Each structure stands twice: as structure tokens, then as C-alpha cells.
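Enquirer: Pasting the sequence and the predicted model now:
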Amino acid sequence: MSVNPMAYEAQFFGFTPQTCMLRVYIAFQDYLFEMMLVVESVILKKLDGFPGCKISPFQIRKSTEKFLLFMKEHFDRLFSKMEEVLLQLVLNIPKNVLLPEDKVHEEYPYSKEQFQALQDEVRQLQQQYRAEASAGQALRAELEEQKAVQAELEKILQWFDGLENICREHGISNFKESFAFLTRNSKKLQDVLKDVEDKSRRIKKHDQLL
């Protein structure tokens, strides 16, 4: 079999010429084997008609195999010549023939150096794309973080708005006075809480004495 890959022919035919020739070879070989079996069976049937014949089926089989080997050797030599002719004259695309799908290469020819430069440019663009995609991901993460911070700031502003409304209800409009007001009320709440805790302890002690 030919060792030439014949890739251009495979592009045109949809299969490699070597594969085609191999299938033809196998088909012929299978037919040869089947024919030898038929010939052997016919000889055995003919010998059954001669009771005094001393040729055994084993001898017939040995003769059949010998003849088959002889036929296969001649067939291989003939097929080798046929394969050479078919691969050169039938299944071969001449060097000056260009397939329709490859016409673009004729219209826009590129040298090896130009092709390498294009590949380098493609790799550079891929790196830039990956860098921009990574930067975009980082920006989206930062945007989500800013949204979270903005939400917290809006909560604080709402709290200050509520604080301002409370201070206005108590006649306090100055921001400094508002904090002083909250501090005083906080102190009052702490005093009330402490008084409640003291009373609770005294009640517990009283209950224990009873």
C-alpha cells in the first residue's frame, strides 16, 4: 500500500485513496477464499462418486491450501501494479488543480512568514480579550460592592431622617442640640433601666426571705 497520505485527494473524495484500495483488496481476497471453498466442495462431491478413490479429504484440503497460496501470491503481484496505476492516474489530483473551496488561497495567497504573523496577531488578540474579560469581571464585582455600600448609606440617611423628625417633634432643630438631646434621653433610659434592675433584685431577695 502507498505511504503517501494523499490528503488533498481525501479532501475531494471524502476518503483516502489508500482506504479505497484496501477495501478493494479485501473484497477480492474474500472472493478468492470463497471460490476455493466452493472448488474444494465440488471436488469432494465428485470423489464421492468413485468408491475406489484413495484420495482423502485431508489431502484435498492440503492441495486446496497450496493452490490458494499460489493464487494469492500472483494476485498480490497483480494488485500491486493495479494499485500503482489507480493511485497515479485515477485517484490522484494533479498538482496544478485547485479545488473550488480552496480558490480563496489563490486569490489571497500568504507566505509562511505572513501566516505566522497572523497567528501571532490572533494569539495577541486572544490575550487582550482574556485581559479585558478579567478586567470586566473585576469591574462588575466592584460595582456590586458599590451597590452594597450605597444601600448601607441609604439606610444611614433614612436613620438620620428619622432622627431629625424626632428632634423636630421635640422642638430641636440644631444638629448639635439633637445629639445632646439623644445623650440626655439615653442617660435617662440608662437610669430607668438601672432603677428597674435594682427593684428587681430587691424583690427577689424579699421573696427568698419569705
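Expert: Done, it's in. Numbers count the residues shown, from 1 in each chain.
Enquirer: residue boundaries of the helices in this structure?
Expert: Per DSSP state H, the chain carries helices over the ranges 7-13, 17-48, 57-85, 103-107, 112-169, 175-209.
Enquirer: Mean pLDDT and distance to L91 added to these, as TSV?
Expert: The way it works is simple: take the backbone N, C-alpha and C, and place the C-beta from them, glycine included. Conversion of the helices of the chain to TSV gives the following (pLDDT from 0 to 100; distance: least, C-beta to C-beta, whole Å):
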stretch	mean pLDDT	distance to L91
helix 7-13	80	6
helix 17-48	88	4
helix 57-85	89	10
helix 103-107	68	22
helix 112-169	80	29
helix 175-209	65	95
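Enquirer: In JSON lines: the ones you listed, plus mean neighbour count and distance to N96.
Expert: JSON lines is the format used below for the helices of the chain (neighbours: other C-beta atoms under 10 Å; distance: least, C-beta to C-beta, whole Å):
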{"stretch": "helix 7-13", "mean neighbour count": "14", "distance to N96": "12"}
{"stretch": "helix 17-48", "mean neighbour count": "13", "distance to N96": "19"}
{"stretch": "helix 57-85", "mean neighbour count": "12", "distance to N96": "21"}
{"stretch": "helix 103-107", "mean neighbour count": "9", "distance to N96": "11"}
{"stretch": "helix 112-169", "mean neighbour count": "10", "distance to N96": "21"}
{"stretch": "helix 175-209", "mean neighbour count": "11", "distance to N96": "93"}
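Enquirer: Tabulate these in JSON lines, adding columns for distance to P94.
Expert: Below are those laid out as JSON lines (distance: least, C-beta to C-beta, whole Å):
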{"stretch": "helix 7-13", "distance to P94": "10"}
{"stretch": "helix 17-48", "distance to P94": "14"}
{"stretch": "helix 57-85", "distance to P94": "16"}
{"stretch": "helix 103-107", "distance to P94": "15"}
{"stretch": "helix 112-169", "distance to P94": "23"}
{"stretch": "helix 175-209", "distance to P94": "95"}
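Enquirer: Point out the one among those helices that comes closest to N92.
Expert: The closest approach between N92 and any of those, judged by C-beta to C-beta, belongs to helix 7-13 at 6.5 Å.
Enquirer: who's in contact with that closest one?
Expert: Contacting residues not belonging to helix 7-13 are listed as T16, P17, C20, L91, N92, I93, L99 [C-beta atoms under 8 Å, 6 or more residues apart in numbering].
Enquirer: how does it look with 7 Å?
Expert: Residues lying outside helix 7-13 but in contact with it, judged by C-beta atoms under 7 Å, 6 or more residues apart in numbering, are T16, P17, L91, N92, I93, L99.
Enquirer: what are the C-alpha coordinates of it, in PDB please?
Expert: This file holds the C-alpha atoms of helix 7-13, laid out as PDB (Å, rounded to 0.1, in the frame of the first residue of the first chain):
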ATOM      1  CA  ALA A   7      -4.600  14.500   2.000                       C
ATOM      2  CA  TYR A   8      -5.800  16.700  -0.900                       C
ATOM      3  CA  GLU A   9      -7.400  13.700  -2.600                       C
ATOM      4  CA  ALA A  10      -9.100  12.700   0.700                       C
ATOM      5  CA  GLN A  11     -10.500  16.300   0.900                       C
ATOM      6  CA  PHE A  12     -12.000  15.900  -2.600                       C
ATOM      7  CA  PHE A  13     -13.300  12.300  -2.400                       C
END
